[in-house]
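*Asks:* Fold the following and give me the result.
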Amino acid sequence: MEISLKELEIILSTLEDICNPKPHLEQWTTLPRIAAEMLLYAYEDGNIADKTCADFGCGNGILTIGLLILNARRIYAIDIDIDAIKTTRRNLERIAKIYNISDFKERVIILHEDIRRLQPFPVDTIIMNPPFGVEPQTRHADRYFLIKAFEMANVIYSLHHSTEKSRKFLSRLAKENCFESTIVKTFNFTLRARFWFHKHKKRTIKTDFYVFKRRCYGRWCQHG
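*Replies:* A predicted model of the protein is given here:
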C-alpha cells in the first residue's frame, strides 16, 4: 500500500490502547506520529516490504499494524502482557477489515512471550519501542530488548531515552555486538499519567530514534 506519513499517522491514531497497563512493564504507547515516522523511515530504507519483521513489546500493536500496512511479508508481534496481546489482536482484526487485508492471519504471528526468555530465531528487521527505563522498576529494561534483537536481526529500529549516558552506553553495546548505531532523529515523547503514583498529568522526555545495522557477519547474516 502506498501511503503518506499523514495517512499512516491517521490510521495509527484510531487504534485502541491497552486498557489495563502494568506499572512494572512501563507500557507507554508509541505516539502515532512517531510510529509513522519510524515505520516510513524503515520502509524507505528497504527493510519492511517483503521482509520478515518483529515488533518487540508490541503493546497495542501500533508498530505491528504499520508493518502490515507497509507490506511486510511476515510479522512477529511479541509481548509479555496478555492484555497487550488481546489489544493487538483486536486492533489487527479491525484494521484488516477496514482495509481489506485478507491474509493478515497468515502474515502476523502473535507470541505471548517474555523477550528475555524468547528463543532466538532469524528475522530481517526488528522495530520496537522498548521500555525507556524512566521508572524505578524498569531501569535498564531496554538493554535486554536490544541484546535479544542483536541476536536475531541485522537491522533494528528502536526508541531510547535520550541522555548522554544512554548514548554512550548504546554506542558501546552496539559495537560489542558488531553493530553500527545511528541516531536518526530526537523526538519529544509525551508520557501521560497512567498510574496512581504519577504526580503530573503529563511529562515530555527526549527520545532518540536509533538505527542499528550489523557491520560484520554473525549468526543470522544470511537474512540481511
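*Asks:* Give me the pLDDT value at the residue positioned nearest the centre of the chain.
*Replies:* Centre of the chain computed as the mean C-alpha position; nearest residue by CA atoms, centre = their mean is residue 128, 1.7 Å away. Looking at residue 128, its pLDDT stands at 97.
*Asks:* which residues touch the spatially closest residue to it that is not a sequence neighbour?
*Replies:* Leaving aside its sequence neighbours, residue 128 sits nearest to residue 56 (CB to CB, 6 or more residues apart in numbering; 4.0 Å). Bear in mind the C-beta positions are built from the backbone N, C-alpha and C, glycine included. Going by CB atoms under 8 Å, 6 or more residues apart in numbering, residue 56 touches 78, 115, 126, 128, 130, 145, 148-149.
*Asks:* coming back round to it: please state the backbone phi and psi of the residue nearest to the centre of the chain?
*Replies:* Torsion angles at residue 128 (phi, psi; degrees, to the nearest 10) stand at phi -160, psi 160.
*Asks:* Is it bridged to anything, and to what?
*Replies:* Note on residue 128: beta-bridge partners by DSSP bridges are residue 158.
*Asks:* Wait, it touches residue 63, no?
*Replies:* Yes. Using CB atoms under 8 Å, residue 128 is in contact with residue 63, at 7.0 Å.
*Asks:* quick one: average confidence on the helix ranked longest in the chain?
*Replies:* For the chain, the helix reaching the highest residue count under DSSP state H is reported as helix 82-98. The average pLDDT for helix 82-98 rounds to 96.
*Asks:* Flag every buried residue along that helix.
*Replies:* 83-88, 91-92, 95-96 (16 or more other CB atoms under 10 Å).
*Asks:* If we only consider the residues you listed, which is nearest to residue 45?
*Replies:* Set against residue 45, the nearest of the buried residues of helix 82-98 by CB to CB is residue 95 (23.2 Å).
*Asks:* Need the contact partners of stretch 160-168.
*Replies:* Stretch 160-168 is contacted by residues 130, 132-134, 142, 170, 183, 186, 205-208, 210 when judged by CB under 8 Å, 6+ apart.
*Asks:* if we go to 7 Å?
*Replies:* 132-134, 142, 170, 186, 205-208, 210 (CB atoms under 7 Å, 6 or more residues apart in numbering).
*Asks:* Please convert those to JSON lines, extending it with secondary structure, distance to residue 4 and neighbour count.
*Replies:* As requested, these are exported to JSON lines (DSSP: H, G, I helix; E, B strand; the rest coil; distance: CB to CB, whole Å; neighbours: other CB atoms under 10 Å):
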{"residue": "132", "secondary structure": "coil", "distance to residue 4": "28", "neighbour count": "20"}
{"residue": "133", "secondary structure": "coil", "distance to residue 4": "33", "neighbour count": "18"}
{"residue": "134", "secondary structure": "coil", "distance to residue 4": "32", "neighbour count": "17"}
{"residue": "142", "secondary structure": "helix", "distance to residue 4": "30", "neighbour count": "25"}
{"residue": "170", "secondary structure": "helix", "distance to residue 4": "31", "neighbour count": "22"}
{"residue": "186", "secondary structure": "strand", "distance to residue 4": "23", "neighbour count": "11"}
{"residue": "205", "secondary structure": "strand", "distance to residue 4": "28", "neighbour count": "15"}
{"residue": "206", "secondary structure": "strand", "distance to residue 4": "26", "neighbour count": "12"}
{"residue": "207", "secondary structure": "strand", "distance to residue 4": "23", "neighbour count": "24"}
{"residue": "208", "secondary structure": "strand", "distance to residue 4": "25", "neighbour count": "21"}
{"residue": "210", "secondary structure": "strand", "distance to residue 4": "24", "neighbour count": "23"}
